[in-house]
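[1] Curious how this folds, go ahead:
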Amino acid sequence: MRATPLMRLLLAVVHYFKPGNGRHGSLAADPQPRIDALKRLILQIHRLYGQPAAVLNHCDRRVDGVEDGGGLVDLRVCVRGDCHVLDHLDELKGLFQPIACETEDPRWLGFAAQNVLVQAHQQAEASGQPYDYIAYLEDDIILTDADFFLKLRLFSRTFGNQYLLMPNRIETLEVQGQLRRFYIDGHYNPAVSSQYRQSIDLNFSMQHLGEWVQFEQPSNLHSGCFFLNRDQAHLFAASGHAAVVDTSFHGPLESAATLAMLKTFQLLKPAPSSGRFLTVEHGGRNFMGLVPSLPHG
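    As a prediction, this is how the structure comes out:
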């Protein structure tokens, strides 16, 4: 039986922290939540998709290596100056590569991270060792699904590379009485995305594990991240939108994560009824904090 090629992932994480009293976690007074979120982000990616893996042989008191589908993880954390918490992650050295990005405005760091992705993608293509997926993540986006990239692959094979699936961001139960899953990117300012949403009236559904999964094109297509397969990475690199500073989508942070995707692809998300199909977890709980009271479980 022919072995399945190991997956090669390139991920650029946009990380910025400067103590303050801002509304974003990157400007909070206490760095610990940012440290915890970034640490969890890095560890989860390697736990779910990296190598090596092993099985414990109890009879022989031995650890045996196993090929279980994990592959190469090239994780690059993009920072600006000394505004970061990487000094608190000494135990994770070797799991990521810090990338210094000097930008005129710190809020433009995400656009520099796009450039990091495109350049690394093109270098890998030229060397004959291409990445299967390239990804952009804000520094508080946590992946928890071992089948995340398999689901993305199924989606693109079903609908084509002109459609890009964005995950639903969720915040999850932390104390008794909160919702188990809180989808934080609900209906918001449709006028900003209306010119890019050309598939609202189309029906998108596919089967997965014997169930039908529904997709839609809502007003809020921001996820704080994006994931492109190899062909989509080619399209993005050639689009003329990569690393172009355009902050017209809500603001600089949202624009860096989402606007170039809107300009290049038709974006979809799992519909609410299929919301759990593809999710990422928001490392904080600040969206839950916007609501005075949440339903009890």
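[2] How about the contacts made by residue 136?
    By CB atoms under 8 Å, 6 or more residues apart in numbering, residue 136 lies in contact with 11, 12, 14, 110, 113, 114, 117, 225, 226, 256, 257. The C-beta positions use only the backbone N, C-alpha and C, and glycine is treated the same way.
[3] quick one: pLDDT of it?
    At residue 136, the model reports a pLDDT of 98.
[4] ok, what's across the strand from it?
    According to DSSP bridges, the residues that bridge with residue 136 are residue 12, residue 226.
[5] Would you map the helices across the stretch 1-150 of the chain?
    Secondary structure of the stretch 1-150 of the chain (DSSP state H, counting those that start in this stretch): helices located at 32-49, 109-127, 148-159.
[6] Report the two of the contacts of residue 136 separated the most.
    11 and 256 (15.1 Å; CB to CB).
[7] gap between residue 284 and residue 142?
    10 Å (CB to CB, to the nearest Å).
[8] shared neighbours of these two, anything?
    residue 37.
[9] And the spatially most central residue of the chain, how close does it get to residue 257?
    With distances taken as CA atoms, centre = their mean, the residue of the chain nearest its centroid is residue 225 (3.6 Å). Going from residue 225 to residue 257 by CB to CB gives 6 Å.
[10] and for the two, which residues touch both?
    Listed as contacting both residue 225 and residue 257 by CB under 8 Å, 6+ apart are 136, 138.
[11] which stretches of the stretch 51-200 of the chain form strands?
    54-57, 62-65, 72-79, 97-100, 133-138, 141-142, 163-165, 168-172, 181-183 (DSSP state E, counting those that start in this stretch).
[12] Compare the ones you listed and report which one is nearest to residue 41.
    Closest approach to residue 41 among the strands of the stretch 51-200 of the chain is made by strand 141-142 (5.6 Å; CB to CB).
[13] Might you report the residue contacts of residue 174?
    By CB under 8 Å, 6+ apart, the residues touching residue 174 are 285, 288.
[14] Now it. Its backbone dihedrals?
    When quoted as degrees, to the nearest 10, the phi and psi of residue 174 stand at phi -120, psi -30.
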